[in-house]
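Asker: Just the structure for this:
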Amino acid sequence: MMITSPSELSAPPQAPSKQGGARTISVVLFILVILGCVVAVELAGRAYITRISGRMPVDFSAYQTDHIHQYDKELGWVMRPNVDVTLPKYRLTTNSLGLRNKELRDLEGQVRILALGDSRTFGEGADNDFTWPALLEKNLNEYKPGHFEVINAGVSGYNAFQGLRYLETRGMKLNPNLVICAFGVNEWGKVEPGGAGWLEWEDLSSQWGIEALLRGAIKGCMAMIHKPPLGPREFRMSPGEYTDTLDCIGKLSRSHGSAFSVLYLPSVPEIGNTDIFGIRRLSEGIAGYCFAAYWDPTETFSVPAEKDYVDPFHFTASGNALIAAYLFDKITTEALF
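Answerer: Down below sits the predicted model:
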């Protein structure tokens, strides 16, 4: 039988190790610090997303039209729907689709023409009824009442790539019988330092903040490591990219049973000039390459050209009327439908 000594009976229970408790506290603090850092980075990323998302790649304030455009994740920017404003040089209204048209109508047997383009198709400087798409519709419906609808899908600042994206995401849903493509100015706009928004944009609204920061950092590092072999990009599109984009527009149009034409719109220096500008030659060549009708109303203008232009590129009501009359003749004499 073992006898327990009084000293053993009175010994207090052994206290937990101070070293083990300190280790537990350190681990908890480490985890909290890591979580805090993750939360801080995520919050910083969300602040970055808030600052970037919804910001249009182009500043329209210089043209006093920033309030009629809005950000679009697929196209960069679009016209605001249901606008009714008077600008310094013209009055502008848009329908529920953000187009310079009345509400579209689906009529049995009608011919629907979709006009893709930039500010010259949109009609910078002209009231709604005096853009060339509106005047073309008027002329055609005088020829065959109620038979035609011409949709003005021109947007200021657009290049051909945005025209293609519009056709892919929205235009073909309108079921056009004919797609008229009128670009060739904004493609050659200079890209200023830090102006990458002219070329690309990214919708970040569905990303985690950390993901957005990491993607941005990786893109920045890759841009420094793998620089373009021909130097930095100077223009929004190269002639080759422009050609390929119009070819894609033509193929997409024909795949949906739509006729396709390339429309060249001249600038003031070309009127009465015997020299043919390079972009005009390129446009005609692209039309042939894409198996598209090529329409060029340059010869319908006369000097002094200023009477038909509000500036070197944009048309007055009389200039738009010349384009509409030219297109009316082409559409009614060529077997397009």
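Asker: how much space between the residue most central in space within the chain and Phe161?
Answerer: Nearest residue to the geometric centre of the chain (CA atoms, centre = their mean): Leu75, 2.9 Å. Distance of Leu75 to Phe161, computed by CB to CB, to the nearest Å: 10 Å. (Each C-beta comes from the backbone N, C-alpha and C, glycine too.)
Asker: Equivalent analysis for Leu178, please.
Answerer: Distance from Leu178 to Phe161, by CB to CB: 21 Å.
Asker: Same check on Leu136?
Answerer: With CB to CB as the criterion, Leu136 and Phe161 are 25 Å apart.
Asker: Enumerate the helices of the stretch 1-150 of the chain by residue range, in sequence order.
Answerer: Here the stretch 1-150 of the chain has its helices, by DSSP state H, counting those that start in this stretch, at 6-9, 18-52, 119-122, 132-143.
Asker: Specify the stretch among the ones you listed that is closest to Ala325.
Answerer: In terms of CB to CB, the element of those nearest to Ala325 is helix 132-143, at 6.8 Å.
Asker: Contacts for that closest one next, please.
Answerer: 100-101, 111, 113, 115, 121, 123, 128-129, 147-152, 154, 315, 320-321, 323-325, 327-328, 331-332 (CB atoms under 8 Å, 6 or more residues apart in numbering).
Asker: Please repeat the previous calculation with a cut-off of 6 Å.
Answerer: Ala115, Phe148, Val150, Asn152, Asn320, Ala321, Ile323, Ala324, Leu327, Phe328 (CB atoms under 6 Å, 6 or more residues apart in numbering).
Asker: burial count for Glu142?
Answerer: 10 (other CB atoms under 10 Å).
Asker: gap between the closest residue to Leu265 other than its chain neighbours and Leu178?
Answerer: Counting by CB to CB, 6 or more residues apart in numbering, the nearest residue to Leu265 once its immediate chain neighbours are dropped is Arg120, at 5.1 Å. Distance of Arg120 to Leu178, computed by CB to CB: 18 Å.
Asker: Over to His256?
Answerer: Here His256 is placed at a distance of 11 Å from Leu178 (CB to CB).
Asker: Output the below-cut-off pLDDT ranges for the stretch 1-150 of the chain.
Answerer: Residue ranges of the stretch 1-150 of the chain with pLDDT under 70: 1-20, 48-64.
Asker: picking that back up, more crowded one of His256 and Leu178?
Answerer: Legend: neighbour count by other CB under 10 Å for His256 and Leu178, higher for Leu178 (20 against 14).
Asker: The more buried one contacts Val111, correct?
Answerer: No - Leu178 is not in contact with Val111 according to CB atoms under 6 Å; the separation is 7.3 Å.
Asker: can you tell me which residues contact the residue nearest to the centre of the chain?
Answerer: Leu75 neighbours (CB under 6 Å, 6+ apart): Gln162, Arg165.
Asker: Next one: it from Ile180, what distance?
Answerer: 19 Å.
Asker: Equivalent analysis for His314, please.
Answerer: 18 Å.
Asker: Which strands border whichever strand in the chain runs longest, and is each parallel or antiparallel?
Answerer: Ranked by residue count, the top strand of the chain under DSSP state E comes out as strand 111-117. Applying DSSP bridges, strand 111-117 is found paired with strand 148-152 (parallel), strand 178-182 (parallel).
Asker: who touches both of His256 and Leu178?
Answerer: Both His256 and Leu178 lack any common contact, where contact means CB under 6 Å, 6+ apart.
Asker: Tell me which stretches of the stretch 151-300 of the chain form helices.
Answerer: Taking DSSP H, counting those that start in this stretch as the criterion, the stretch 151-300 of the chain carries its helices at 160-169, 209-225, 239-255, 278-289.
Asker: starting at the chain centroid, how far to the longest strand of the chain?
Answerer: From the chain centre to the centre of strand 111-117 is a distance of 18 Å (CA atoms, centre = their mean, to the nearest Å).
Asker: Can you check what angle separates it from helix 160-169?
Answerer: Orientation check (axes from the mean of the first three to the mean of the last three CA atoms, to 10 degrees): strand 111-117 against helix 160-169 gives 150 degrees.
Asker: what's in contact with strand 111-117?
Answerer: Outside strand 111-117, the residues that touch it by CB under 6 Å, 6+ apart are 121, 133, 148-154, 163, 171, 176-182.
Asker: Please pick the buried ones from those residues.
Answerer: Taking 16 or more other CB atoms under 10 Å as the criterion, what is buried in these is 121, 133, 148-154, 163, 171, 176-182.
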